[in-house]
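Undergrad: starting from these lines, generate the structure:
(one chain, ligands or ions: 1)
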Amino acid sequence: MTDAAPTAMTAPVPFDYACTVCGEPFPAERFAAPGALCGCGASRRTMELAAAVLHAHAHGIPATLLELAEDAAFPPPRVLDLTLDAALAVTTPDRRVCGDPFGGGAAPPDGVAPVDLASLSAADASLDLVLLRDVLFWVPDVPVLLAEVARVLADGGHAIFQETFAWQFPEATVEADPAAEPKRRPAGGTRKPERRVIGADVLDLMAAAGLDGFGYRPGLAVDPHYRDLLLVARRRPRLREG
Ligand SMILES: [Zn+2]
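TA: Residues are numbered from 1 along each chain as shown. This is a model prediction of the structure:
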């Protein structure tokens with residue numbers, strides 16, 4: 001026992017990471033690599049978005065989307081998935097709609113149609129989750145998008161925005177130069193960015209739309225310098241009449 005203690009103090013304990021979609025372990029050092037990290041097709045961004053879904057929708061209790069799908073305690077969420085990430089489809093078979101928010105992107109999965117972000121094809125209060133990736137920098141009108149998200153989410157439902165935010169997360173949004181050249185969207189396709197920086201004022205826009213927004217950094221528990229941030233927006237309950 002006295003021999004073991006100094007070793008434990010000086011040598012970091014090696015451990016594998018586990019995929020938040022399917023649970024398969026993989027070496028932690030591969031987490032920085034681009035592309036699919038797991039046999040299920042999940043990339044780093046897939047796993048971070050899945051972690052946000054588990055945290056927001058399932059109170060952080062199931063460890064993977066697969067566990068969430070198999071746990072009878074959690075009814076299958078009604079999902080509008082606009083990420084074009086096929087690895088998420090594996091465990092979200094009850095997605096109501098999936099779609100391409102801008103068109104012209106990478107080859108979309110089967111059954112994906114272009115989506116009008118200013119007029120989502122879902123009934124009022126009909127969804128538990130809206131998943132968006134690389135949209136806030138590119139969409140022409142953020143308040144219009146947020147109003148649509150708030151309309152389609154059921155009370156207590158969540159929208160998750162995965163973007164490449166600046167770090168530290170700045171206070172104010174900065175519009176892009178109107179003459180800016182089109183850029184490649186990380187989620188696919190090429191488009192002129194509408195914004196150069198997304199700032200914390202986007203949380204005020206969410207609040208105005210009836211969405212309580214907060215930042216979520218999925219790796220913070222294991223790494224205090226973990227930078228990748230997702231924004232989660234929870235649909236505030238609608239006022240009842242009478
Ligand atoms: Zn996996």
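Undergrad: got the confidence number for C40?
TA: In this model, C40 is scored at 92, pLDDT.
Undergrad: secondary structure class for it?
TA: Secondary structure for C40, judged by DSSP: H, G, I helix; E, B strand; the rest coil, is coil.
Undergrad: now do the contacts for it.
TA: C19, V21, C22, E24, A87, V90 (Cβ atoms under 8 Å, 6 or more residues apart in numbering). To be clear about C-beta, it is placed using only N, CA and C from the backbone, and glycine gets the same treatment.
Undergrad: could these go into a markdown table alongside secondary structure and distance to V142?
TA: Compiled in a markdown table, those are given as follows (DSSP: H, G, I helix; E, B strand; the rest coil; distance: Cβ to Cβ, whole Å):
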| residue | secondary structure | distance to V142 |
| --- | --- | --- |
| C19 | coil | 32 |
| V21 | coil | 29 |
| C22 | coil | 33 |
| E24 | coil | 37 |
| A87 | helix | 27 |
| V90 | coil | 30 |
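Undergrad: for the ion, what are the nearby residues on this structure?
TA: With Cβ under 5 Å from the ion as the criterion, the chain meets the ion at residues C19, V21, C22, E24, C38, C40, A42.
Undergrad: can you say which of those residues are buried?
TA: Those of the residues of the chain next to the ion that meet the buried threshold are C19, V21, C22, E24, C38, C40, A42, by 16 or more other Cβ atoms under 10 Å.
Undergrad: longest strand in the protein, by number of residues?
TA: If each strand of the chain is counted by residues according to DSSP state E, the longest one is strand 153-162.
Undergrad: next, the buried residues of that one.
TA: Neighbour-count burial for strand 153-162, with 16+ other Cβ under 10 Å as criterion, is recorded at L153, A154, G157, H158, A159, I160, F161, Q162.
Undergrad: which single one of the contacts of C40 is nearest to A56?
TA: The closest of the contacts of C40 to A56 turns out to be V21 (Cβ to Cβ; 15.7 Å).
Undergrad: pretty sure the closest one sits against A50.
TA: Yes: with contact defined as Cβ atoms under 8 Å, V21 counts as touching A50 (5.0 Å).
Undergrad: need the overlap of contacts for the two.
TA: Counting by Cβ under 8 Å, 6+ apart, the residues touching both V21 and A50 are A42, T64, L65, L88.
Undergrad: so which of those sits lowest on pLDDT?
TA: Within the shared contacts of V21 and A50, pLDDT reaches its minimum at L88, with 87.
Undergrad: name the SS class of that one, please.
TA: Secondary structure, three-state DSSP: L88 is helix.
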